[in-house]
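Chemist: A predicted structure for the sequence below; I have some questions about it.
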Amino acid sequence: MKKIVDVAAGVITRADGSFLLGQRAPGTFYPGYWEFPGGKVEPGETPAAALVRELDEDLGIRAHTLYPWLMREHHYEHAHVRLHFFEVAAWSGEVNDHVHSALAWQRADALAVGPMLPANGPILKALCLPRRMGITHAGEIGVEAQLAALDAALAAGLRLVQVREPVLSAPARESFAAAVVRRAHAAGALVVVNGDVALAQRCGADGVHLPAHQLTALTQRPALPWVGASCHGRDELLRAAELGLDYALLGAVRPTPTHPGRSGLGWEGFARLAAALPMPVLALGGLGDADMAAARVAGAHGIAGIRGMWQLSASAPCRTPSCADGA
């Protein structure tokens, strides 16, 4: 059995949403392949400390803000690696390569270099997942009010929408879902439909979002480009990972009107449950745009909300990098 090698990797971002890749040099495993910068975790080091050291040694930059993000394992011919990915959101210094054949600033939706190192390739799709999800509740506030709120949020930069309408009749829900897809796609946003693969396919949505009870009953991933799930504990998160889902929602972080009487996880509880997973996890439950920084520190990819996300307006733009929002 191969020894597991822990590796820290950094998604080093710039204000325009691009990230840095390095090309592996001759004389190394997979020469010519591209990877996210980083290196082995030494004995006694945390992955975060290892990444700070590696970026200083290999690129000459100082990392100031690291957000824990994903953990993926990969079996190479020479080693079983466990990669701890962080977003390096704030750093200083001039990038000077010391170990790679070349460096390139890239975007996941327009990659101009290749091939990617096999363990790094799946990260590109995760980088295309927007950081904010708005969950509809037209059955509560009315279809026209929800569509107006959707238009305003899309104009402010929202790029991920979940259609969740348990109260609407089947015909009304289908008509509403089709209207959301038309508006969202015109703005370059993704749409997932809650719990109904057939409806998602009929209305041209990008994927399906599975309630927890559907997630636990599944034996394989639905055949749609984007599939996510609602999770409330570690077992459900691990099931989502096992099925190869693209993301999960975890909550509630705070008590919400949707689940009265249920206490929230808090950020410490969220961080504990969401740690070391291979797919992005968005935080849910009583959150708004002001909670993004706390969510990222806790390891969340971003935030989702039924009410908070529809308060976005042109005066409060949604500007966290992702493929879908053009950053």
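Modeler: Arrived safely, thanks for sending.
Chemist: Where does the prediction get shaky in this protein?
Modeler: 1, 257-261, 312-327 (pLDDT under 70).
Chemist: Helices along that one, start to end?
Modeler: Listed in chain order, the helices found in the chain under DSSP state H are 47-59, 123-127, 138-141, 143-155, 170-186, 197-202, 212-217, 234-242, 266-274, 292-297.
Chemist: could you dump the ones you listed to TSV with mean neighbour count?
Modeler: Just so you know, the C-beta spots here come from the backbone N, C-alpha and C atoms, and that holds for glycine as well. Shown next, in TSV, are these (neighbours: other CB atoms under 10 Å):
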stretch	mean neighbour count
helix 47-59	19
helix 123-127	19
helix 138-141	17
helix 143-155	17
helix 170-186	17
helix 197-202	16
helix 212-217	14
helix 234-242	17
helix 266-274	17
helix 292-297	18
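Chemist: Dump those helices into JSON lines; add distance to Gln311 as well.
Modeler: As requested, these are exported to JSON lines (distance: least, CB to CB, whole Å):
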{"stretch": "helix 47-59", "distance to Gln311": "33"}
{"stretch": "helix 123-127", "distance to Gln311": "26"}
{"stretch": "helix 138-141", "distance to Gln311": "13"}
{"stretch": "helix 143-155", "distance to Gln311": "8"}
{"stretch": "helix 170-186", "distance to Gln311": "18"}
{"stretch": "helix 197-202", "distance to Gln311": "26"}
{"stretch": "helix 212-217", "distance to Gln311": "26"}
{"stretch": "helix 234-242", "distance to Gln311": "28"}
{"stretch": "helix 266-274", "distance to Gln311": "21"}
{"stretch": "helix 292-297", "distance to Gln311": "13"}
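Chemist: Can you say which of those is nearest to Ala112?
Modeler: Evaluated with CB to CB, those place helix 123-127 nearest to Ala112, the distance being 12.4 Å.
Chemist: how far does the closest one sit from the chain's center?
Modeler: How far helix 123-127 lies from its chain's middle: 8 Å, per CA atoms, centre = their mean, to the nearest Å.
Chemist: for stretch 10-18, same thing?
Modeler: In terms of CA atoms, centre = their mean, the gap separating the centre of stretch 10-18 from the centre of its chain is 15 Å.
Chemist: list the buried ones in that stretch?
Modeler: Neighbour-count burial for stretch 10-18 flags 10-13, 17-18 (criterion: 16 or more other CB atoms under 10 Å).
Chemist: First-to-last residue distance for it?
Modeler: 13 Å (CA to CA, to the nearest Å).
Chemist: show me the contacts for Ile303.
Modeler: Contacts for Ile303 (CB atoms under 8 Å, 6 or more residues apart in numbering) come out as 131-133, 282-284, 287-289, 291-292, 295, 309.
Chemist: swap the cut-off to 10 Å and go again
Modeler: Ile303 is in contact with 131-133, 249, 251, 253, 282-285, 287-292, 294-296, 309, 320, counting by CB atoms under 10 Å, 6 or more residues apart in numbering.
Chemist: now it: how far from Arg254?
Modeler: Applying CB to CB, to the nearest Å, the value for Ile303 to Arg254 is 11 Å.
Chemist: Over to Arg159?
Modeler: Distance of Arg159 to Arg254, given as CB to CB: 24 Å.
Chemist: picking that back up, between the helices of the chain, which one is nearest to Gly228?
Modeler: Using CB to CB, the nearest of the helices of the chain to Gly228 is helix 234-242, at 7.7 Å.
Chemist: Provide the contact partners of that closest one at residue level.
Modeler: With contact meaning CB under 10 Å, 6+ apart, helix 234-242 is reached by 71-72, 210, 212-213, 215-216, 218, 221, 227-231, 233, 245-250, 272-279, 281.
Chemist: Show me just the buried residues among the residues you listed.
Modeler: The neighbour count (16+ other CB under 10 Å) marks 71-72, 210, 212, 215, 218, 227-231, 245-250, 273-274, 277-279, 281 as buried among those.
Chemist: So which of these belong to strands?
Modeler: Those of the buried ones among the contacts of helix 234-242 mapping onto strands are 71-72, 210, 227-231, 247-250, 281, per DSSP state E.
Chemist: Throw these into CSV and include distance to Val52, thanks.
Modeler: CSV is the format used below for these (distance: CB to CB, whole Å):
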residue, distance to Val52
Met71, 18
Arg72, 20
Leu210, 37
Val227, 34
Gly228, 31
Ala229, 33
Ser230, 35
Cys231, 31
Tyr247, 27
Ala248, 28
Leu249, 30
Leu250, 27
Val281, 24
